[in-house]
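[1] I would like to see how this sequence folds:
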Amino acid sequence: MRALATLLLAVLVGYGYGNAAAADTPGRFDYWVLSLSWSPQYCDARPGDRQCAYAHDFIVHGLWPQYERGFPDFCARTEQVPRLLLTRMLPLMPSEELIQHQWRKHGTCSGLSMEEYFMQTERARRALAIPPTYREPTIHRQTSLAEIEREFIAVNPQLSPETLAVQCSGRWLREVRVCFDRNFQVRACGSDVADRCGSNVVMRPNRKPRGAP
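    Numbering: from 1, shown residues only. Got it, this is the predicted structure:
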């Protein structure tokens, strides 16, 4: 019986089931994903969220360490992000809760200090230009997956369709994800970081901020 149990354990490890704890080790990952969230879509479902007190277009959802397939998360216990760093990041990530959560879930897997992780988040975001079409939208816009990719590549010639993953909720634009190698050069995304949109996409416009006339 013991021999059978030992054999079963060896088989499970061989198939990867025994490595979950070892896999989620800070600093052990293959590439980065920068996720840009389309704030009007997020706020349509969560109008009471602090992020939605003001109108935004794309905001940084997070910078995620990624495996070629899958990703690590919650790699270590950690302290809260301090006030000074929260204030610094709010122009890019306009929610203190979001900043805290992204550090706990993804930042702790980066192998970087808290300050270094958020500095790299700023670096990745500022390496990208947002197409003018997406700034301060006031009406619904009918577009397509291919058009979104073309518009991003037009203002970021270092990108290609393989380095982007456009995400939707049904037909509604939700996120654009950009893949970088560990030196923050764009690279093709892994097989599980892929487009999740149909051919036709609708962009929600900015809603009025809370308290606006």
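[2] so where's this protein uncertain?
    1-23, 207-213 (pLDDT under 70).
[3] tell me the centre residue of it?
    Nearest residue to the geometric centre of the chain (Cα atoms, centre = their mean): Ser35, 2.5 Å.
[4] which elements pack onto the one helix or strand that residue maps to?
    Per DSSP states H and E: Ser35 is located in strand 31-38. With contacts taken as 3 or more Cβ pairs under 8 Å, 6 or more residues apart in numbering; DSSP states H and E, strand 31-38 sits against strand 58-66, helix 114-126, strand 172-180. (Glycine included, C-beta is placed from N, CA and C.)
[5] which residues of the chain fall in helices?
    All helices of the chain, identified by DSSP state H, fall at 2-14, 20-23, 39-45, 83-89, 96-105, 114-126, 145-155.
[6] would TSV of these with mean neighbour count and distance to Gly170 be doable?
    Listed next are the helices of the chain as TSV, based on neighbours: other Cβ atoms under 10 Å; distance: least, Cβ to Cβ, whole Å:
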stretch	mean neighbour count	distance to Gly170
helix 2-14	10	38
helix 20-23	10	32
helix 39-45	19	10
helix 83-89	14	30
helix 96-105	18	23
helix 114-126	17	27
helix 145-155	16	13
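[7] select, out of the ones you listed, the one closest to Ala194.
    Of all these, helix 145-155 sits nearest to Ala194, with 11.2 Å by Cβ to Cβ.
[8] which secondary structure elements does the closest one contact?
    With contacts defined as 3+ Cβ pairs under 8 Å, 6+ apart, helix 145-155 has these neighbours: strand 164-169, strand 172-180, strand 200-203.
[9] quick one: which of those strands is nearest Pro40?
    strand 200-203 (7.3 Å).
[10] contacting residues around that closest one?
    38, 40-41, 134, 137, 140-145, 147-148, 166, 168, 171-173 (Cβ atoms under 8 Å, 6 or more residues apart in numbering).
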